[in-house]
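K.L.:
sequence first, predicted coordinates after that:
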Protein chains: 2
Amino acid sequence: MRILITSGGTSEKIDDVRAITNHSSGKLGKAIAESFAAEGAEIDLITTRHAVKPEGKMIHQQLIESTMDLERTLTELMTANTYDAVIHSMAVSDFTPESSVTLEDLEAAAATQPADLPKALVTIANKRTEKKISSDTDHLVVVLKKNPKIISLIKKLQPQTILVGFKLLVDVPMIELLNVAKASLEKNHADFILANDLAEIRGEKHHGYLINKQQKVKEAHTKTEIAELITKEVLKLEEAK
Amino acid sequence: MRILITSGGTSEKIDDVRAITNHSSGKLGKAIAESFAAEGAEIDLITTRHAVKPEGKMIHQQLIESTMDLERTLTELMTANTYDAVIHSMAVSDFTPESSVTLEDLEAAAATQPADLPKALVTIANKRTEKKISSDTDHLVVVLKKNPKIISLIKKLQPQTILVGFKLLVDVPMIELLNVAKASLEKNHADFILANDLAEIRGEKHHGYLINKQQKVKEAHTKTEIAELITKEVLKLEEAK
């Protein structure tokens, strides 16, 4: 059995000294990797610098920083190898910095009402010669553009793989969390979505719902329980194939 | 001898899952703390989660995240204790997120030409109910406001302390680097500024210039050399007092 796991959080550069980072300790990804390793799986793990790392001879790690790095590494691995399952637990930035300008630049650009304001701001930013943005302005405006949705690539690359996606929301009612997870499952042709709420995560305590295609929901209350639940359900689906 | 050292890089929240972080390994701060500890100094170290940490019984650590945390912790420590020197090597974010809006929100707000665009955007952002910004927009606009300059607080709190500030630029001519460092020294009433260029930092190799009030410049080429140079010069100035 060969499994691909993503874990940790991406980091998107604003300039040479600043970045937008997505919080993720990597602890859940570590627990999932170790749970599959205990079942004898060979694991490729794509992870990030500050994420905690699992241990195990059968766990091969690749470090990435940005969403673009993730896209490239995941595509390379999924082109070279066939995976029984892909567990995509990395916190991926939905956006990446496109331009950084001063408030004065923004107001001047907006006043001319260009058809494409983000493009006008990129032009302004490119005219700047310094590599580190100066702090001689009261407000800095960072325009971010949408990143490609990495989860949507997985079934395109390998339609037969079992895909486990993750959905993290913050302090929402349970019914909303489950509905958003269901929509993500359908959109990305996932086999499972692990839905969780940041307000219900604290240390090892981690409340999660694992939803499958038949809309059955199973619950877990710690990172270890979530890892074991995912492993058990993936193995069951793999055997039923 | 009692020394206050700041080390690592700040992290400024955009929302509950995203932050703007300043890159800093903390390695230089670690080397400086260990160098002063070797001289028998008692050290208070303000540092950040991902920074590497020094070891030593006389090094007392306090973890912070944001520039606001740093301001509070530094003020508390400098009110409670008298320091012979403050070595401010932390990479502090010049800006902190004030509002995050969609491009459509920004264009609508700019079209009405409000006297205070950032304030108008804060109002729009506050009307949003979700705690995590939705990814259902092509462009996200993050407006950042200027943070207070922490270095400028130090001599106000303790005029007698020896202040060592840091100036990091990216790929600039040496003469520009020295001029910017000199301006920072004068503005913040620092006794020394360590000027360095990101293009000249790679692993343990770390090119730095230590400038004093008499505009004398001393050079160092590794993190260890920089740490020892700062320690030696601070001790010399302390003895001459």
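P.N.:
Happy to help now that I have it. Residues are numbered from 1 along each chain as shown, chains lettered A, B, ... in the order given.
K.L.:
now the longest helix seen in chain A: average pLDDT?
P.N.:
Secondary structure of chain A per DSSP state H: the longest helix is helix A:223-240. The average pLDDT within helix A:223-240 is 97.
K.L.:
wait, residue A:217 sits on residue A:210?
P.N.:
Yes: between residue A:217 and residue A:210 there is a contact under CB atoms under 8 Å: 7.1 Å. Every C-beta, even on glycine, is put in place using the N, C-alpha and C of the backbone.
K.L.:
which one's more surrounded, the two?
P.N.:
Per other CB atoms under 10 Å in any protein chain shown, whichever of residue A:217 and residue A:210 has more neighbours is residue A:210, with 21 against 14.
K.L.:
is the helix or strand harbouring that one positioned near chain B?
P.N.:
Element membership for residue A:210, per DSSP states H and E: strand A:205-212. No: using CB under 8 Å from any CB of the partner chain, strand A:205-212 stays clear of chain B, with a minimum separation of 14.9 Å.
K.L.:
check stretch A:189-203 too.
P.N.:
Yes: part of stretch A:189-203 sits near chain B under the criterion CB under 8 Å from any CB, namely residue A:198.
K.L.:
let's see that stretch as CSV, backbone CA atoms only.
P.N.:
Listed in CSV are the C-alpha atoms of stretch A:189-203, where the atom choice follows Å, rounded to 0.1, in the frame of the first residue of the first chain:
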residue,chain,number,x,y,z
HIS,A,189,-14.7,14.1,-6.1
ALA,A,190,-13.3,13.2,-2.7
ASP,A,191,-14.1,9.9,-1.0
PHE,A,192,-14.0,11.5,2.4
ILE,A,193,-13.8,14.9,3.9
LEU,A,194,-12.6,15.5,7.5
ALA,A,195,-14.6,18.5,8.7
ASN,A,196,-13.3,20.4,11.7
ASP,A,197,-13.7,23.7,13.5
LEU,A,198,-10.8,25.7,14.9
ALA,A,199,-12.8,26.5,18.0
GLU,A,200,-12.9,22.8,18.8
ILE,A,201,-9.1,22.2,18.5
ARG,A,202,-6.9,22.6,21.5
GLY,A,203,-3.7,20.6,21.9
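K.L.:
which strands or helices does the longest strand along chain A pack on?
P.N.:
Longest among the strand segments of chain A by residue count, using DSSP state E, is strand A:192-202. Under the contact criterion of 3 or more CB pairs under 8 Å, 6 or more residues apart in numbering or on different chains; DSSP states H and E, strand A:192-202 touches strand A:162-169, helix A:174-187, strand A:205-212, helix A:223-240.
K.L.:
what's the second one packed up against?
P.N.:
In this case it means helix A:174-187. strand A:162-169, strand A:192-202, strand A:205-212.
K.L.:
other residues contacting it?
P.N.:
Contacts to helix A:174-187, defined as CB atoms under 8 Å, 6 or more residues apart in numbering or on different chains, come from residues A:151-152, A:165, A:167, A:169, A:172, A:190-197, A:209, A:211, A:213, A:215, A:217.
K.L.:
check stretch A:37-57 too.
P.N.:
Counting by CB under 8 Å, 6+ apart, A:1-11, A:24-27, A:29-31, A:33-34, A:36, A:58-65, A:70, A:73-74, A:77, A:81, A:83-84, A:90, A:231, A:235, B:50 sit against stretch A:37-57.
K.L.:
rewinding a little: what's the longest strand of chain A in contact with?
P.N.:
Residues outside strand A:192-202 that contact it (CB under 8 Å, 6+ apart): A:89, A:162-172, A:177-178, A:180-182, A:184-185, A:206-212, A:226, A:230, A:233-234, B:16-17, B:132.
K.L.:
now swap in stretch A:68-85 and tell me
P.N.:
Residues contacting stretch A:68-85 (CB under 8 Å, 6+ apart): A:1-4, A:6, A:10, A:41, A:44, A:46, A:62, A:64, A:86, A:90, A:92, A:96, A:147-148, A:150, A:153-154, A:157-158, A:160-164, A:234, A:238.
K.L.:
now these: which count as buried?
P.N.:
A:3-4, A:6, A:10, A:41, A:44, A:46, A:64, A:86, A:90, A:92, A:96, A:147, A:150, A:153-154, A:158, A:161-164, A:234 (16 or more other CB atoms under 10 Å in any protein chain shown).
K.L.:
direction included, what does the strand holding residue A:210 pair against?
P.N.:
If you go by DSSP bridges, strand A:205-212 pairs up with strand A:192-202 (antiparallel), strand A:217-222 (antiparallel).
K.L.:
skip the chain neighbours and tell me the closest residue to the residue lying farthest from the centre of chain A.
P.N.:
Relative to the C-alpha centroid of chain A, counting by CA atoms, centre = their mean, residue A:112 is the outermost residue, at 37.2 Å. Distances taken as CB to CB, 6 or more residues apart in numbering or on different chains put residue A:120 closest to residue A:112, at 7.6 Å, once the chain neighbours are dropped.
K.L.:
tell me who's in contact with that neighbour.
P.N.:
A:109, A:112, A:114.
K.L.:
where does the second one land on pLDDT?
P.N.:
Just to be clear, that refers to residue A:112. Looking at residue A:112, its pLDDT stands at 86.
K.L.:
and for residue A:129?
P.N.:
Note for residue A:129: predicted pLDDT of 69.
K.L.:
could you do residue A:115 as well?
P.N.:
Note for residue A:115: predicted pLDDT of 88.
K.L.:
and if you look at residue A:163?
P.N.:
We have a pLDDT of 98 for residue A:163.
K.L.:
touching, residue A:28 and residue A:222? I think so.
P.N.:
No: the criterion here is CB under 8 Å, and residue A:28 misses it with residue A:222 at 10.0 Å.
K.L.:
neighbour count: the two, which is higher?
P.N.:
With neighbours defined as other CB under 10 Å, residue A:28 and residue A:222 compare such that residue A:28 has more, 27 against 16.
K.L.:
sec struct for residue A:140, please.
P.N.:
On the three-state scheme (DSSP: H, G, I helix; E, B strand; the rest coil), residue A:140 is labelled strand.
K.L.:
identify the bridge partners of it.
P.N.:
Residues in beta-bridge contact with residue A:140 (DSSP bridges): residue A:102, residue B:144.
K.L.:
spit out the contact partners of it.
P.N.:
Contacts for residue A:140 were tallied using CB under 8 Å, 6+ apart; they are A:100-103, A:133, B:94-95, B:143-144, B:146.
K.L.:
what pLDDT does it get?
P.N.:
91.
K.L.:
cool, residue A:134 as well?
P.N.:
pLDDT recorded at residue A:134 is 67.
K.L.:
now for residue A:53, how many residues are close by?
P.N.:
If we define neighbours as other CB under 10 Å, then residue A:53 has 17 of them.
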